[in-house]
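Colleague: The following comprises the amino acid sequence and a computationally predicted model.
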Amino acid sequence: MTRSPFRRLIFGTLRRLLYLWVRSETINQSAFPLKLDRGKPVVYALRQASISDLAVVDHECVKVGLPRPVLPVAVGELLEPAAFFYLMPEPDWLGRQDKRVASPTLVRLVNAIGHNAAEDVQIIPVSVFWGQSPDRETSPWKLLFADSWAVTGRLRKLVSILALGRKTSVQFAAPIHLRELVAQGKGSERTLRMVHRILRVHFRNQKAAVIGPDVSHRRNLVKGLVHGPQVRQAILDEAEREKISIERAEAQALKYGNEIASDYTYSAIRFLEIILSWFWNKIYDGIKVHHIERVQEVVNGHEVIYVPCHRSHIDYLLLSYLLFRNGLTPPHIAAGINLNMPVIGGLLRRGGAFFMRRTFKGNPLYTAVFNEYLHTLFSKGFPVEYFVEGGRSRTGRMLRPRTGMLAITLRSFLRTHRLPILFVPVYIGYERVLEGRTYLGELRGATKKKESIFDIFKVIGALKQRFGSVWVNFGEPIRLAEFLDQQQPDWRQQELGPDYRPDWLNDATHALSERVARHLNEAAAVNPVNLVALAMLSTTKLALDERGLARILDMYLALLRRVPYSEHTTLPEGDGNSLIEYVQGMQLLAEQKDALGKILYLDEQNAVLMTYYRNNVLHIFALPALLASFFQSSPRMNREQILRFTHALYPYLQSELFIRYAPEQLDAVVDEWLAAFVEQGLLRREEDTYVRPAPSSRHFVLLTLLARAIMQTLQRFYMAIALLLNHPQNTLSAEELENLCTVMAQRLSILHGLNAPEFFDKSLFRHFIQSLLDQGVLRKDDAGKLSHHPMLGELVEGAAKRVLPPEIRLSIRQVAQDRNEEASIA
């Protein structure tokens, strides 16, 4: 076709005619230049013969500055008239394909290098996808002709070009050095087979990564579930337990399978992309994506499990939308059965959602079917998405992970680990969350409402508001095999029971959940709303003058740039003044003017709502805020004192907020923060001692505001200990102490005007009490009653004097004492 000037002329004419209609782009173009040796010849490998695919590749090579495939290439003494070959022969008009034969071009290349070992050629596999470009689509019926796993002939390809030519993408892979394969000395024939195998695997994985694995029909998949060994046993047990026939129990298992399974269709994904493109452009100012290129580099050959944080119902749609637009397969998504509503449920199911009940207790047959369904997804290479937090966070904090899905994943991997599993944490940060009004009511004590199809109209009614941007950061992937090697080095050699539940599974699952949560927090996106919320909520009256707020924001940004939380954490652009202007534009800050300038403040509604956005990034500021709190009551401290108190309090902050630093890293990180404080004038260093600024100085005010970011958390810690100490040993259970803490926190929030509903969140007290037990500070007797070391009160008071103001400590002790006296009278 391109082996003579006449044919090249024809090809050039066809390409120009094609591009009167076709529009293409290269996926992940920012990854260029490829790892090419410009001194060595380049030959492109295309999966199957297609003049249209070749024309698109040639066009993209010109755009990105790569050698063109239609020009001659010299490999030693061999001169090839064109620098490309097809791995598979061209199908006929009906899509039928002849037996695979080696490309003559590839045969000549292998022989040329075999005869001259000094030569090399770089083979670049190239994939072309029609109907996969992220441009706007206007005709949903065209989705029928998008790329799929079906064998396509020339007629369908022609229709695809006409229907989807303006939505075409190209993906270049890293080069394969042919000399390295020939040098293995296996002979020409075996080397050819090896090259073919490498390219076939690559193209199969590449296609799976972009449009998803080759799926069986949903009906066949569901029918296959009942043949799994664990499901068969569960069916027999169900028949015996319920005194029913095996056929009836099997029918029940099929019913469960149909209730659970997604009905993933590529056309539905493409249709959702059209709708969501409108939605994001209408609701949000944009989606800021970071670090997705790292995911694109590692997904091939892995079973990928996306584990996002859960802030909003639209998290489901957002991640699938972004993956699709960046050339990755949208995942199958674990969704609560409450979302299986009329119309919406069917659309979500076709978009990849599979539905799960909130509890599996008391239903072993459902449990077995669900586990088998997930195992089928994992073993066949379907990307999967689930939320380790279980539900949406109403407070903005990372919730305590629920380990159910992780345990199922681990057991499936132990059952068969043919495909390595890769967990990909995804942090999703909203500058304004769609459910903000609902969360506001729930934070104030309103009952959580059941989801309804009519909620869509509430979203439409919110279009008048400005929602800002969405920030999506991909975190450091977790390789499950490497994690298990660390946790249980001999896991591959261990004998496993029929249910794949080794003794160490619970501990490993808990450790994995902690790691996932910390990796999620490492990828946090600090946005303008987060920073303004942190600053404003640290003031006593929720108000600051404009210049003062700008100084605080500039200080936060300077500190975070000086001591980055993680390489995956992102910061907003601009200075304090630009951040203020941005947040005011979202109507989250009110202002009042006088002769001296602007006073910015939070009204009652936004004051509660802003706690949500502050909590998104509280883990980033927890450690520097703790260090700042040491200097509220002490004018000077030496490094040894700072480290001693930090090590005493840090485990509880880390456990609650999922902070990334391991205990052995703490000393170095504390030194970095202290150095940053000195640079910003927040502290002064005198040899091994750090001295705070004068209490009347501007820098002391900045230090105090930073310390207040973590003050409520430290108050909750102190009140739990105070209540415990006001009761005799072995008289309170963990549950009783948790309830007392909640009541006391509610009372203190009223007495001190604390406008933070999560201050009396029962789950936070529960987790703190469990952390005390884990650290050995508390012990349980046989009756479940708590005891503590006699020196606990003295140790806690010594630490509290460093971090809490005297009036707060006095108030907490007084309320605790009053509560104890009331209980004694009763």
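Modeller: Structure's in. What do you need? Being a predicted model, the structure only gives us computed values, none of them experimental.
Colleague: Against residue 722, how distant is residue 817?
Modeller: In this structure, residue 817 lies at 9 Å from residue 722, with C-beta to C-beta, to the nearest Å as the measure. Glycine gets a C-beta too; all of them are placed from N, C-alpha and C.
Colleague: Neighbour count for the two, which is higher?
Modeller: Neighbours of residue 817 and residue 722, each counted by other C-beta atoms under 10 Å, are more numerous for residue 722; the result is 24 against 13.
Colleague: Counting neighbours, what do you get for residue 344?
Modeller: The burial metric for residue 344, expressed as a neighbour count using other C-beta under 10 Å, is 16.
Colleague: is it true that residue 125 lies in a helix?
Modeller: No - read with DSSP: H, G, I helix; E, B strand; the rest coil, residue 125 is strand and lies in no helix.
Colleague: Isn't it up against residue 45?
Modeller: Yes - between residue 125 and residue 45 there is a contact under C-beta atoms under 8 Å: 4.8 Å.
Colleague: Out of the two, name the residue with the larger neighbour count.
Modeller: For residue 125 against residue 45, the residue with the higher neighbour count under other C-beta under 10 Å is residue 45, and the figures read 25 against 20.
Colleague: For the host helix or strand of that one, what is the distance to the chain centroid?
Modeller: Here residue 45 is covered by strand 42-48, with elements defined by DSSP states H and E. The chain centroid and the centroid of strand 42-48 are separated by 34 Å, computed with C-alpha atoms, centre = their mean, to the nearest Å.
Colleague: can you list the residues that contact that strand?
Modeller: The contact list for strand 42-48, computed with C-beta atoms under 8 Å, 6 or more residues apart in numbering, reads 36, 53-54, 57, 61, 66-67, 69, 73, 80, 83-91, 97, 105, 109, 121-128, 175, 199, 203.
Colleague: likewise stretch 340-359?
Modeller: Contacts of stretch 340-359 (C-beta under 8 Å, 6+ apart): 259-265, 268-269, 272, 316-317, 320, 330-339, 366, 370, 373, 451-453, 456.
Colleague: Could you rerun that using 6 Å?
Modeller: 260-265, 268, 272, 330, 332-335, 337, 453 (C-beta atoms under 6 Å, 6 or more residues apart in numbering).
Colleague: Filter these down to the buried ones, PyMOL style.
Modeller: Command for PyMOL, covering only those of those found buried under the criterion 16 or more other C-beta atoms under 10 Å:
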select buried, resi 260+261+262+263+264+265+268+272+330+332+333+334+335
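Colleague: And the strands in the stretch 1-150 of the chain?
Modeller: 24-26, 42-48, 73-75, 78-80, 84-88, 122-130 (DSSP state E, counting those that start in this stretch).
Colleague: now for those, which one comes closest to residue 252?
Modeller: Proximity to residue 252, assessed across these by C-beta to C-beta, is greatest for strand 122-130 (41.4 Å).
Colleague: Which residues are in contact with residue 223?
Modeller: Neighbour list for residue 223: empty [criterion: C-beta under 6 Å, 6+ apart].
Colleague: what do you get if the cut-off is 8 Å, keeping everything else the same?
Modeller: Contacts of residue 223 were listed using C-beta under 8 Å, 6+ apart, and they are 254, 257.
Colleague: Spell out the secondary structure type for it.
Modeller: Classification of residue 223 into helix, strand or coil gives helix, according to three-state DSSP.
Colleague: then stretch 737-748 to CSV, C-alphas only?
Modeller: In CSV, the C-alpha atoms belonging to stretch 737-748 read as follows (Å, rounded to 0.1, in the frame of the first residue of the first chain):
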residue,chain,number,x,y,z
LEU,A,737,-17.8,5.7,79.1
GLU,A,738,-18.6,6.4,75.4
ASN,A,739,-22.2,7.5,76.3
LEU,A,740,-20.9,9.7,79.2
CYS,A,741,-18.4,11.4,76.8
THR,A,742,-21.1,12.1,74.3
VAL,A,743,-23.4,13.7,76.9
MET,A,744,-20.6,15.7,78.4
ALA,A,745,-19.4,17.0,74.9
GLN,A,746,-23.0,18.1,74.1
ARG,A,747,-23.1,20.1,77.4
LEU,A,748,-19.7,21.7,76.8
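Colleague: contact partners of that stretch?
Modeller: Around stretch 737-748, the neighbours that count as contacts under C-beta under 8 Å, 6+ apart are 715-716, 719-720, 723-724, 732, 754, 759-760, 762, 765-766, 769, 786, 811-812, 815-816, 819.
Colleague: Nearest spatial neighbour of residue 321, chain-adjacent residues omitted?
Modeller: residue 276 (4.6 Å; C-beta to C-beta, 6 or more residues apart in numbering).
Colleague: what does residue 194 give?
Modeller: Taking C-beta to C-beta, 6+ apart as the measure, residue 194 lies nearest to residue 181, with 5.9 Å between them; neighbours along the chain are not counted.
Colleague: Past the host helix or strand of that neighbour, which element shows up next along the chain?
Modeller: Element membership of residue 181 [criterion: DSSP H and E] is helix 178-182. Using DSSP H and E, the helix or strand that follows helix 178-182 in sequence is helix 187-211.
Colleague: quick one, strands of the stretch 151-300 of the chain?
Modeller: Across the stretch 151-300 of the chain, reading from the start of the chain, the strands by DSSP E, counting those that start in this stretch fall at 168-172, 176-177, 286-290.
Colleague: shared neighbours, residue 125 and residue 45?
Modeller: residue 199.
Colleague: What count of nearby residues applies to the nearest residue in space to residue 624 that is not next to it in sequence?
Modeller: Counting by C-beta to C-beta, 6+ apart, residue 624 lies nearest to residue 673, which is 5.0 Å off, once chain neighbours are set aside. When neighbours are counted by other C-beta under 10 Å, residue 673 registers 21.
Colleague: for residue 485, same thing?
Modeller: 13.
Colleague: Could you tell me whether it really is in a strand?
Modeller: No - counting by three-state DSSP, residue 485 is located in no strand; its state is helix.
Colleague: ok, it to residue 619 distance?
Modeller: Relative to residue 619, residue 485 is positioned 28 Å away (criterion: C-beta to C-beta).
Colleague: ditto for residue 392
Modeller: 18 Å.
Colleague: Same drill for the two, tell me which one is more crowded.
Modeller: When residue 392 and residue 619 are compared on other C-beta under 10 Å, the one with more neighbours turns out to be residue 619, at 23 against 19.
Colleague: got the CA coordinates for the helix or strand the more buried one falls within in CSV?
Modeller: In this structure, residue 619 sits in helix 618-633 according to DSSP H and E. Written as CSV, here are the backbone C-alpha positions of helix 618-633 (Å, rounded to 0.1, in the frame of the first residue of the first chain):
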residue,chain,number,x,y,z
LEU,A,618,-7.4,18.5,59.4
HIS,A,619,-5.0,15.5,59.2
ILE,A,620,-2.5,17.7,57.3
PHE,A,621,-2.4,20.4,60.0
ALA,A,622,-2.8,18.1,63.0
LEU,A,623,0.9,17.7,63.8
PRO,A,624,2.0,21.4,63.3
ALA,A,625,-1.1,22.4,65.3
LEU,A,626,-0.1,20.1,68.1
LEU,A,627,3.4,21.6,68.1
ALA,A,628,2.0,25.1,68.2
SER,A,629,-0.3,24.2,71.1
PHE,A,630,2.7,23.3,73.3
PHE,A,631,3.6,27.0,73.3
GLN,A,632,0.2,28.3,74.4
SER,A,633,1.0,27.8,78.0
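Colleague: And the contacts of the helix or strand just after that helix?
Modeller: Toward the C-terminal end, the helix or strand that comes next after helix 618-633 (DSSP H and E) is strand 636-638. Here strand 636-638 makes contact (C-beta under 8 Å, 6+ apart) with 630-631, 686, 688-692.
Colleague: what's the answer for stretch 57-64, then?
Modeller: The list of residues contacting stretch 57-64 from outside it, by C-beta under 8 Å, 6+ apart, reads 15, 19, 24-26, 29, 32, 44, 46, 66-70, 84, 126, 128, 170, 172.
Colleague: these two touch, right, residue 285 and residue 468?
Modeller: Yes - counting by C-beta under 8 Å, residue 285 does reach residue 468; the two are 5.8 Å apart.
Colleague: Looking at those two, which one has more neighbours?
Modeller: For residue 285 versus residue 468, the count of surrounding residues by other C-beta under 10 Å is larger for residue 468: 21 against 14.
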